[in-house]
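1. what follows is a predicted structure for the sequence shown.
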Amino acid sequence: MKEWLVRWLSGDMELLDNVSDGEEVPDSSREDLKKRKKEIRQNIKGTESVVSAERKGFFAFYHAVAVLSCMVLIGVLMYTVANLPRYGEENPRTVEVVKRYVEHGVEETGAINIVTGMILDYRAFDTLGESHVLFTALVCVLILLRLDEKTVRGGHLDSYYRIKEDRYFDISGDTILRLVGTILVPCIILFGIYVLLNGQNGPGGGFSAGAILGAALIMFSAAFGFDAVDRVFSAKVLSLTTFVSLAFYSIAKGYVFFTGANGLENHIPKGIPGAILSGGLILPLNVAVGMVVACTMYGFFSLFKRGNIGGA
Amino acid sequence: MVIITSFPLFTILFSLFSGVLCFLLKGRMAKRYTFVLEIVLIGMAASVLIYVVQTGREFTYAMGEFPAPWGNEIRAGVLEAVMALLFLVVMICSVTAGHRFVNVDIDESKVNLYYALLNLMTAALMSLVWTNDIFTGYVFVEILTLTSCGILIVRELGRTTLAAVRYMILNLLGSGLFLLGVVLLYSMTGHLLMVPMQRTISELASDPGVLRNLTIVVGILTIGLSIKSGLFPFHYWMPDTYGWATPTSAAVLSAIVSKAYIFLLFKIYYRAIGIKTFEMMPLKNILLVLGIGGIIVGSVGAILSNNINRMVALSSAAQIGYIYTGLGLGGAAGYTAALFHILVHAVTKSQLFLTTPRLAEVSGGSLLFRELQGSGLRDRAAGGFFTVSALSMIGIPIFAGFSSKLQFGLAAVGAGNRKLILVMLALAVSSLLNAMYFIRTVIRIYTDHPEKTERAGRRAGYIIPMLVLTGCNLFLGLFSRVTLELIRRGLSMFG
């Protein structure tokens, strides 16, 4: 094994000072590194007060209280659960809603899969919120991880570290990985599309299919490198896909909510339960949700790996 | 079919859609767009309020073709409309008054993401206000949690990231407990919509065993939401979170977000559990004690802090304590006082958080008291606005804080001797403590410092929104009867 790898694995932080293969390290960044290490050491001195608090037994007390309160909470919850009405028991008060979903779900929503009918038709407003939760998470991760002038300049992230690491640990050129990727990625995508389109007829739907499609994209980029993905799925495509899917969801469901609440006919055909084109809006909504989930998953992967979605 | 009944739905959908749209826009465009959108939303909320007051009837709005127990539903009454209107007004004032700091604090390439988060947050706030379904409440609590962490980390300082991580951990704990409560309530009643749930609960609660179980479940819900809003033993995340965020975020988080959780909790008590069942539980007294604890601990913490933002943040802990004290006093008077204080605190605290950075700006960028000397003279606008809201916080007549303290006093008088003494003592002590730290600050910022000569420019973009907030403050103080009447009417519709 190469010497630098052994030292890196053993946690030697001085590694990057003495790299000799690859690019020459400019003197200025070496100076910066030394300065930052000095700062870190000074910061460690600042934590001595915390260490002494630890010695005084504060943390023992803290752990004891934490464990105790968890035990109490567990006890209370066990007690509550033990007193709940038994699962599956016929209780006329509590099955009103469930009964309607099970007995009339197929005819009212046009979906054989009752769960899909519930989340995308009876309670579509909640799912509208839920798909925006994913989008919000994507925005937050973008803020946190996308490299910008401020993070690079402010020294939170050293662009030097990042570039080096990426080259050391990028395995996209690996022959085995490429071969397996060539065989698997199309199959995974096909399976994802199947799950996406059959959400109303069987197990599946937007959330699970989106996860599968996202996994396919991640595998594709791991096997062939980000450049290959960027050619078809750049940052622009990703944000446009997200925008179109969520906007479609909001507008389509807004129309249904508006007509439904005002007692108007919404003119959306339910189709024959069991066919692919059935369930009214459920299929297009599933596609929209699936796209958002796939974009979010791939976006997370890309942001964590290289600090951006497309480009650099 | 009246188009106004669709406005609550539109406020939610428009802001969700705008959140996604701002993702594509450039920073400057996103800001302008957000501003226009907020004005449209304010118009909608105001017309809903007028419509509900005129007809004198609440209305529910089925989300889709399926009626109440099967599909989602939103509801608009006087209380909801008042809250929505006020939240939106504070939101637009914080966004416009703080936008100059946003440009400084946030990297240019991420400004549009910041506005995207603010729009998503508006959608979540509107949904929490209008919802008639506790699971919808949970979904939008999630969005609110994520967006509030997002608008903290966007400043990209080590301190804000640390504060955001701590805030997120506590918030997720709160969300988890809230979800647990929702699930348990669902398995007990079989409903998620508030009205059918209340009907089932009132049948079930006659059995003492079930009532004990219900108390535990409502307790879990309460703990979850009180962690998020920062009630006394859980208030330690506040100083760091509010103290280091960019001013708009601090104002929005302390003034609106924590109030939205309290309003949701109140809505659950009143509409999902039923206020009669809730008053049978011993939870009220616990809330009262914790609220009073928050008042004292928050005020003492504020006196001990040497940084103006931390002081204002800890005073938020005290004000949250007031609101929970009102809930703990119970009865129509107590709830009215609590709801009125939500409005008062939203208006005042946002103004405080928007003036402190201006004062710091003319003091070499430092928030420490010793550096702030004379800053009120160097930046007269910010100093004046700070003084107004500080006086309101202390409870000087003609300002809003006085009216709300008066309401707490009146509510305590009707609540029995022991509570009367406790609450009156807490009110007296906290007014004294409030006066100690706010008057000290006002004197400090108006004592001339001969060496410092920086001057602040006057900008209409800052002064106009602050004047609007001051106007709201004076309106709540001088014409409190109007607002109180609205709240009372809303409460009678709520039941």
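-> Ah, there it is.

2. residues contacting residue B:46?
-> Residues in contact with residue B:46, defined by CB atoms under 8 Å, 6 or more residues apart in numbering or on different chains, are residue B:85. (Glycine included, C-beta is placed from N, CA and C.)

3. tell me which element it is part of?
-> Per DSSP states H and E, residue B:46 falls inside helix B:27-55.

4. can you check residue B:167 too?
-> Assigned by DSSP H and E, residue B:167 belongs to helix B:158-189.

5. now the residue of chain B found nearest chain A, nearest residue through space, not along the chain?
-> Closest residue of chain B to chain A, CB to the nearest CB: residue B:190 (3.0 Å). Using CB to CB, 6 or more residues apart in numbering or on different chains and skipping residues adjacent in sequence, the residue nearest residue B:190 is residue A:94, 3.0 Å away.

6. mind listing the helices for the stretch 101-250 of chain B?
-> Using DSSP state H, counting those that start in this stretch, the helices of the stretch 101-250 of chain B run over B:111-130, B:134-153, B:158-189, B:194-204, B:208-229, B:238-244, B:247-252.

7. any bit of the last one sitting next to chain A?
-> So the one you mean is helix B:247-252. No - for helix B:247-252, no contact with chain A is found by CB under 8 Å from any CB of the partner chain; the gap never falls below 12.0 Å.

8. after that helix, which helix or strand is next?
-> Immediately after helix B:247-252, counting by DSSP H and E, sits helix B:258-267.

9. quick one on the thing from earlier: show me what the helix or strand just after the helix holding residue B:46 is packed against.
-> Using DSSP H and E, the helix or strand that follows helix B:27-55 in sequence is strand B:59-62. If you count contacts as 3 or more CB pairs under 8 Å, 6 or more residues apart in numbering or on different chains; DSSP states H and E, strand B:59-62 packs onto helix A:235-261, strand B:73-76.

10. ok so, going back, wait, doesn't the residue of chain B closest to chain A sit right on residue A:98?
-> Yes - with contact defined as CB atoms under 8 Å, residue B:190 reaches residue A:98; the gap is 6.7 Å.

11. what packs against the helix holding residue B:167?
-> Checked by 3+ CB pairs under 8 Å, 6+ apart, helix B:158-189 has helix A:58-82, helix B:134-153, helix B:194-204, helix B:208-229, helix B:238-244 packed alongside it.

12. got the angle between that helix and helix B:194-204?
-> Helix B:158-189 runs at 60 degrees relative to helix B:194-204, counting by axes from the mean of the first three to the mean of the last three CA atoms, to 10 degrees.

13. same question for helix B:158-189, mean pLDDT?
-> The average pLDDT for helix B:158-189 rounds to 91.

14. assign a three-state SS to the closest residue to residue A:259 other than its chain neighbours, would you?
-> In this structure, residue A:259 finds its nearest non-sequential neighbour in residue A:266, 4.2 Å apart by CB to CB, 6+ apart. At residue A:266 the chain is in coil, as set by DSSP: H, G, I helix; E, B strand; the rest coil.

15. what does the one 10 residues further on give?
-> Of the three states, residue A:276 takes coil under three-state DSSP.

16. what's the per-residue pLDDT of it here?
-> According to the model, residue A:276 scores 78 on pLDDT.

17. and it, how far is that from residue A:131?
-> Between residue A:276 and residue A:131 the distance is 22 Å, computed by CB to CB, to the nearest Å.

18. which of those two has more neighbours?
-> More crowded of residue A:276 and residue A:131, by other CB atoms under 10 Å in any protein chain shown: residue A:131, with 26 against 11.

19. what about the residue nearest to residue A:278 when sequence neighbours are not counted, how many neighbours?
-> Nearest-residue entry for residue A:278: residue A:271, 3.3 Å, with adjacent residues in sequence omitted and distances by CB to CB, 6+ apart. Here the number of neighbours of residue A:271 (other CB under 10 Å) works out to 17.

20. what does the stretch 101-250 of chain A have sitting close to chain B?
-> Counting by CB under 8 Å from any CB, the residues of the stretch 101-250 of chain A that sit close to chain B are A:101, A:108, A:121-126, A:128-130, A:132-133, A:135-137, A:139-140, A:142-144, A:146, A:148-151, A:154, A:156, A:239-240, A:242-243, A:246-247, A:250.

21. now, of those, which are buried?
-> A:101, A:108, A:121-126, A:128-130, A:132-133, A:135-137, A:139-140, A:142-144, A:146, A:148, A:150-151, A:239, A:242-243, A:246-247, A:250 (16 or more other CB atoms under 10 Å in any protein chain shown).

22. what residue ranges in the stretch 101-250 of chain A score low on pLDDT?
-> Within the stretch 101-250 of chain A, the set of residues satisfying pLDDT under 70 comprises A:148-171.

23. repeat the analysis, applying 90 as the threshold.
-> A:101-124, A:143-178, A:198-206, A:221-236, A:239 (pLDDT under 90).

24. dump the helices of the stretch 101-250 of chain B into JSON lines; add distance to residue B:292 and mean neighbour count as well.
-> Below are the helices of the stretch 101-250 of chain B laid out as JSON lines (distance: least, CB to CB, whole Å; neighbours: other CB atoms under 10 Å in any protein chain shown):
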{"stretch": "helix B:111-130", "distance to residue B:292": "26", "mean neighbour count": "28"}
{"stretch": "helix B:134-153", "distance to residue B:292": "26", "mean neighbour count": "25"}
{"stretch": "helix B:158-189", "distance to residue B:292": "22", "mean neighbour count": "19"}
{"stretch": "helix B:194-204", "distance to residue B:292": "29", "mean neighbour count": "18"}
{"stretch": "helix B:208-229", "distance to residue B:292": "14", "mean neighbour count": "21"}
{"stretch": "helix B:238-244", "distance to residue B:292": "18", "mean neighbour count": "24"}
{"stretch": "helix B:247-252", "distance to residue B:292": "26", "mean neighbour count": "29"}
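
25. distance to residue B:74 for those helices - can I get that in TSV?
-> Output for the helices of the stretch 101-250 of chain B, formatted as TSV (distance: least, CB to CB, whole Å):
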stretch	distance to residue B:74
helix B:111-130	4
helix B:134-153	8
helix B:158-189	17
helix B:194-204	11
helix B:208-229	20
helix B:238-244	30
helix B:247-252	23
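
26. what's around the residue of chain A found nearest chain B, how many residues?
-> Across chain A, no residue is closer to chain B than residue A:94, which sits at 3.0 Å (CB to the nearest CB). Residue A:94 has 19 neighbours, counted by other CB under 10 Å.

27. same question, the one 4 residues further on
-> For residue A:98, the neighbour count with other CB under 10 Å is 12.

28. quick one: contacts for residue B:492?
-> Going by CB under 8 Å, 6+ apart, the list of residues near residue B:492 is empty.

29. try it again with 10 Å
-> B:77, B:78, B:79, B:332 (CB atoms under 10 Å, 6 or more residues apart in numbering or on different chains).

30. same check, this time on residue A:242
-> Residues in contact with residue A:242, defined by CB under 10 Å, 6+ apart, are A:131, A:134-135, A:138-139, A:288, A:291-292, A:294-296, A:299, B:20, B:23-24.

31. could you point out which of those residues is nearest to residue B:174?
-> residue A:134 (20.5 Å; CB to CB).
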